[in-house]
Each structure stands twice: as structure tokens, then as C-alpha cells.
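>>> Pasted the sequence and its predicted model underneath.
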Amino acid sequence: MLLPLGWSLFSNEPDTPAFAISMAISLTFGFLLWRLTSVGQRRLSGREALVLVAGGWILASAFGALPYQLSGALPSYLDAYFEAMSGYTATGATMFTSVESQYHGILLWRSLTQWLGGMGIIMLFVALFPILGIGAAHLVEAEMPGQQGERLTARIRDTAKALWLIYLGLSVGEFVLLLIARMPIFDALTVTFSTLATGGFAPTDLSIGAYNSIFIEGIVIFFMAAAGVNFGLYYFLIWKRQPGRLFSDPEFRLYIALLIGAVLLINLDLILNMGMSIGEAIRYGSFNTVSIMTTTGFSTTDFNLWPDFAKAALLVLMVIGGSAGSTAGGIKTIRLLVLVKYIYRRIVSVFNPKAVIPIRVGNSVLSERVVSGFIGMTVLYLFTAIIAFLLLSAIGLDQVTAISAVLTNMGTVGPGLGLVGPAANYFFIPPLGKGVLIFCMLAGRLELFTLLVLFTPAFWRWR
């Protein structure tokens with residue numbers, strides 16, 4: 001909280017005490033936790049890592065909500081907690097009815113939480129503090145579950161450092177380019193924080209559309225798309241000088257193909273069924289499509305007014321998301337690829353039960369355990385979305401608003417359709433609905449298993 005505190009002091013804004021008090025409370029509780037926790041072996045078990053990661057994210061949001069509450073930016077602690085969880089999970093769903101009326105320190109804090117959560121707050125801790133020993137690997141696996149590919153370096157701490165350096169380098173690059181594009185320094189900083197995290201918090205009520213600059217939109221499109229790529233591939237591209245690893249990766253090729261295909265189809269729909277010119281469709285259709293598939297959530301127009309096919313396509317993209325190992329949400333492109341291959345194998349087995357068809361991703365043959373995990377994650381994702389949709393419908397939200405709110409929060413996108421469109425906010429949703437969406441944000445960011453396993457009795461009996 002030092003950065004927004006310093007900005008508030010520099011700007012002489014009244015939210016300065018809120019950050020000072022929040023820092024004091026956080027440090028006090030942190031000190032007490034440290035002093036009251038007995039330390040045994042310096043090796044975390046898998047169960048301890050899962051509890052620590054889930055608890056860490058819940059507590060980070062609890063303390064991260066304090067500046068919103070103490071400054072009076074949001075009227076209730078539940079609203080403040082929603083905003084903080086939306087920030088750390090890089091979701092971008094907001095409680096603010098007006099962003100531009102907020103103090104600069106508050107706006108910087110909400111974007112900074114997205115930047116910290118984008119690559120992972122536990123991952124940052126592992127990279128900076130060499131006190132976790134062998135348990136660090138369990139922490140990283142719990143925070144970034146799913147297909148992450150091979151470990152980049154021999155030590156997990158070195159891997160975390162490499163990924164954070166890449167993340168920082170891309171952030172500096174975008175910040176400089178936005179300054180060249182004549183975006184104000186404060187706006188360039190907050191937009192950069194939100195772009196690389198695929199978060200979507202902007203310092204304006206009209207998001208990126210407020211700048212009305214094709215140059216700025218082009219820069220943001222590039223870095224949104226880049227943030228949706230597996231950061232491990234950048235390691236091989238930059239450190240190992242192996243560009244072939246990037247372009248030969250099956251998930252990367254599918255990700256780019258889906259991105260280009262979705263842009264073309266939605267642009268065509270906007271031209272044919274909404275009467276946009278080719279230039280308008282390319283400008284607005286491309287930006288918002290990339291924003292949704294990378295689960296960033298920036299907007300340059302109200303896509304809630306688009307034709308039905310375009311809106312349906314955006315809902316599908318919310319579910320798919322970006323690549324594994326990226327800062328994007330969704331079920332991830334790699335799972336879609338494995339799911340399609342699995343369905344093909346099941347179809348073939350209907351007429352040829354004896355056929356042995358391994359599921360390959362590139363040159364690797366996936367084990368049945370890995371395939372089962374991918375299928376299970378996809379089914380659990382959709383099942384959780386259905387339950388959340390029914391709960392939001394039960395409290396009175398219309399179907400379009402309810403389903404898009406669930407998908408956009410589980411996919412960490414932010415803006416949805418209906419009453420939670422890009423020109424709206426989540427302030428009006430009843431407390432129960434906010435609680436459901438907070439759960440969806442955290443479950444989507446930690447990819448369900450890390451969070452839901454805590455609710456199984458067998459987990460607490462596990463040794």
C-alpha cells in the first residue's frame with residue numbers, strides 16, 4: 001500500500017489516512033500471525049500448501065478491502081471486499097457507480113491489486129522470500145493449478161523470479177508505449193497494471209473508449225493478447241532464444257486461431273447485422289473481442305448493444321479464456337484442445353472398441369490421469385456455473401444478467417451482459433448475490449479444485 005499512499009500524499013488527497021491505517025492494521029495482524037505461529041519443519045505438505053494458498057487469497061482481499069472502506073469510497077465492507085477480491089483475482093467487476101469521482105490513491109490501489117494478483121501473490125512471495133524450502137513448489141502448484149508444462153528452471157524460486165521478470169518487462173514496455181501515445185502518466189500506470197494482469201480496471205467511466213485513440217487501443221490490444229499467452233513460452237523465447245518453442249506449441253496455435261477466428265466472425269456480424277462500416281467493425285469488434293477472450297474486460301463501446309450472435313460468441317469466449325500459465329482466466333485453451341481430442345476418441349471407440357488412441361499435445365502423450373483431471377475440471381467448472389446461475393436467478397436477476405454475471409466472474413472477465421454490461425456495475429446486486437460472485441471469482445482464479453477441496457471431509461483426514 002506504499003505506492004498509493006505516496007501518490008495520495010503527493011496529490012494531497014483525503015484518502016491518505018485510510019491507507020496509513022490500513023497499513024498499520026495489516027502489519028499488526030501480520031506480526032501477530034508470525035509471532036503466534038509455531039514453526040516446525042521448513043517443509044510444507046501438499047495439504048498445508050492448499051490451505052495456505054486459499055487462506056492467503058481470502059486474507060489478502062480482507063485487508064485489501066480496508067482502504068475502500070476506511071476512505072468511504074464504498075458504503076459497506078461487503079462492497080469493499082467484493083472490489084478487493086475482484087482486484088486480486090484480476091476480474092474487473094466493480095462496485096463503483098462512478099470511477100472518475102474516486103481519489104487517485106484508491107484508483108491506483110485497485111489497479112495495483114490486479115497487477116499483484118495477475119501473476120499471483122503467492123508466486124511473488126515465493127520469488128522474493130527464500131524461507132519456504134521445498135514447500136514452495138506445493139504453493140506454486142496450488143496457486144497455478146492445471147497444465148503448466150515443464151518446470152522452467154531447476155529451482156521453483158528461480159522459475160517464479162523468471163516469470164515475474166518477464167511480467168515486469170512487459171509492464172514497463174506497455175507503460176512506455178502508452179506515454180508515447182500521449183496517455184497521462186497516472187492513466188498509463190493504472191491501465192498497464194490492469195492490462196498485463198488481464199484485469200480491466202480503468203481510471204475512467206468509459207474504460208479505454210474514453211481516450212478515443214486508435215494508437216492507444218492498438219497498444220492495449222497487443223498487450224492483452226500477449227498476456228493471454230503461456231508466460232513459460234516467453235522464457236524460452238527471451239532467455240533460451242528458442243522462438244520455435246512458441247510457434248510450435250499446440251496451445252499457442254489454437255489460442256491465436258481462436259482469437260483471429262472470433263474477431264473475424266464478430267466483425268462480420270457487426271457489419272451485416274448492425275450496419276457498422278468495415279473500419280468501425282475492425283476497430284470496435286477487434287478490441288472488445290480480444291478483451292473478452294483474454295478475460296481482460298476493457299471496453300471501447302457497449303457490446304451489450306451488439307447483435308445476438310456477437311453477444312453469444314462473447315459468452316463462449318468468456319468460458320474458454322486464454323492459455324494455461326498466462327494471467328487470463330477461463331477454463332483455458334489447453335483444456336478445450338484436450339476435450340476435443342477426448343470426444344474424438346470416444347466417438348471412434350463407439351465403432352472400434354479395441355482401438356487404442358492416445359491423446360497427444362504436441363510431441364507429448366498425456367497420461368490418463370492428466371486427461372481425467374482436465375475433463376473433471378471442465379465438468380466441475382460448468383457444474384459450479386449452473387449452481388451459481390440458479391442462485392442468482394433465485395434472488396431475482398434476469399436470466400441474461402445472471403448467466404453472464406456468473407460466467408464473467410468465474411472467467412475473471414468483469415463486464416458481462418444485461419444489467420452488468422460494460423456501461424454498468426455490480427452495486428445493485430443483493431448481498432447474497434455478491435457473496436456468490438465473490439466465491440465465483442476466487443474459485444475461477446484458483447481453478448476450483450484448490451478451493452473446493454477444503455470443503456471435503458477427506459481432505460482434513462489426509463496425511
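That came in fine, so what should we check first? Residues are numbered from 1 along each chain as shown.

>>> helix or strand for residue 441, which one?
Element membership for residue 441, per DSSP states H and E: helix 431-445.

>>> ok, then the element right after that helix?
Using DSSP H and E, the helix or strand that follows helix 431-445 in sequence is helix 449-452.

>>> Please could you give me each C-alpha atom of stretch 346-361, formatted as PDB?
Extracted C-alpha coordinates of stretch 346-361, given in PDB (Å, rounded to 0.1, in the frame of the first residue of the first chain):
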ATOM      1  CA  ARG A 346     -14.900 -41.600 -27.600                       C
ATOM      2  CA  ILE A 347     -16.600 -41.300 -31.000                       C
ATOM      3  CA  VAL A 348     -14.100 -43.700 -32.600                       C
ATOM      4  CA  SER A 349     -14.400 -46.200 -29.700                       C
ATOM      5  CA  VAL A 350     -18.100 -46.500 -30.500                       C
ATOM      6  CA  PHE A 351     -17.500 -48.400 -33.700                       C
ATOM      7  CA  ASN A 352     -14.000 -49.600 -32.900                       C
ATOM      8  CA  PRO A 353     -13.900 -50.500 -29.200                       C
ATOM      9  CA  LYS A 354     -10.400 -52.100 -29.500                       C
ATOM     10  CA  ALA A 355      -8.800 -49.000 -30.900                       C
ATOM     11  CA  VAL A 356      -6.000 -47.500 -28.800                       C
ATOM     12  CA  ILE A 357      -5.900 -43.800 -29.400                       C
ATOM     13  CA  PRO A 358      -3.500 -41.800 -27.200                       C
ATOM     14  CA  ILE A 359      -4.200 -38.200 -26.600                       C
ATOM     15  CA  ARG A 360      -1.300 -36.100 -27.800                       C
ATOM     16  CA  VAL A 361      -0.500 -32.500 -27.200                       C
END
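
>>> Can you show me the strands along the chain?
360-361, 364-365 (DSSP state E).

>>> Dump the ones you listed to CSV, plus mean neighbour count and mean pLDDT.
Glycine gets a C-beta too; all of them are placed from N, C-alpha and C. Rendered in CSV, the data for the strands of the chain read as follows (neighbours: other Cβ atoms under 10 Å; pLDDT from 0 to 100):
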stretch, mean neighbour count, mean pLDDT
strand 360-361, 14, 87
strand 364-365, 12, 86
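
>>> Same list, those, but as a markdown table with distance to residue 168 please.
Shown next, in a markdown table, are those (distance: least, Cβ to Cβ, whole Å):
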| stretch | distance to residue 168 |
| --- | --- |
| strand 360-361 | 29 |
| strand 364-365 | 30 |
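
>>> Quick one, which of these gets closest to residue 424.
Nearest of the strands of the chain to residue 424, taken as Cβ to Cβ: strand 360-361 at 39.2 Å.

>>> Which residues outside the closest one are in contact with it?
The contact list for strand 360-361 (Cβ atoms under 8 Å, 6 or more residues apart in numbering) reads 250, 251, 334, 337, 338, 341, 366.

>>> Looking at those residues, spot the one nearest residue 456.
Nearest to residue 456 out of these is residue 338 (Cβ to Cβ; 24.7 Å).

>>> Pull the contacting residues for the closest residue to that closest one other than its chain neighbours.
Spatial nearest neighbour of residue 338, excluding adjacent residues (Cβ to Cβ, 6 or more residues apart in numbering): residue 374 at 4.6 Å. Applying Cβ under 8 Å, 6+ apart to residue 374 gives the contacts 147, 334, 335, 338, 339, 342, 366.

>>> Could you measure from residue 374 over to residue 341?
The gap separating residue 374 from residue 341 is 10 Å, by Cβ to Cβ, to the nearest Å.

>>> Equivalent analysis for residue 436, please.
From residue 436 over to residue 341 (counting by Cβ to Cβ), the distance is 33 Å.

>>> Ok, residue 252 next?
Counting by Cβ to Cβ, the gap from residue 252 to residue 341 is 17 Å.

>>> How about residue 217?
Distance, residue 217 to residue 341, by Cβ to Cβ: 36 Å.

>>> okay, those two: which has more neighbours?
residue 217 (21 against 18; other Cβ atoms under 10 Å).

>>> Surely the more buried one touches residue 283?
Yes: here residue 217 reaches residue 283: they are 7.0 Å apart, a contact under Cβ atoms under 8 Å.

>>> okay, and the common contacts of those two?
Common neighbours of residue 217 and residue 283 (Cβ under 8 Å, 6+ apart) are residue 300.

>>> wait, what's in contact with residue 290?
Contacts of residue 290 by Cβ under 8 Å, 6+ apart are 221, 224, 225, 259, 263, 296.

>>> Hmm, the fifth one is touching residue 285, no?
Okay, so that is residue 263. Yes: if you go by Cβ under 8 Å, residue 263 and residue 285 touch, sitting 6.6 Å apart.

>>> higher neighbour count, the two?
Using other Cβ under 10 Å as the criterion, residue 263 and residue 285 rank with residue 285 on top: 27 against 20.

>>> Just the pLDDT for the more buried one.
Per-residue confidence (pLDDT) for residue 285: 96.

>>> who are the neighbours in contact with the nearest residue to it once chain neighbours are set aside?
Residue nearest to residue 285 in three dimensions, not counting chain neighbours: residue 267, with 4.1 Å by Cβ to Cβ, 6+ apart. By Cβ under 8 Å, 6+ apart, residue 267 lies in contact with 281, 282, 285, 286, 289.

>>> check contacts around the third one.
Residues in contact with residue 285, defined by Cβ under 8 Å, 6+ apart, are 263, 266, 267, 270, 276, 310.

>>> try the last one
Under the criterion of Cβ under 8 Å, 6+ apart, the contact list for residue 289 reads 259, 262, 263, 266, 267, 313, 314, 317.

>>> one more time with 7 Å
Residues counted as contacts of residue 289 (Cβ atoms under 7 Å, 6 or more residues apart in numbering) are 262, 263, 266.

>>> Could you give the number of residues near the first one?
By that I understand residue 262. Using other Cβ under 10 Å, residue 262 has 22 neighbouring residues.

>>> The residue nearest to residue 238 when sequence neighbours are not counted: how many residues sit nearby?
Excluding the flanking residues, the one nearest residue 238 by Cβ to Cβ, 6+ apart is residue 166, at 6.7 Å. By other Cβ under 10 Å, 20 other residues sit near residue 166.

>>> before we move on, what about the one 3 residues further on?
Using other Cβ under 10 Å, residue 169 is surrounded by 13 other residues.
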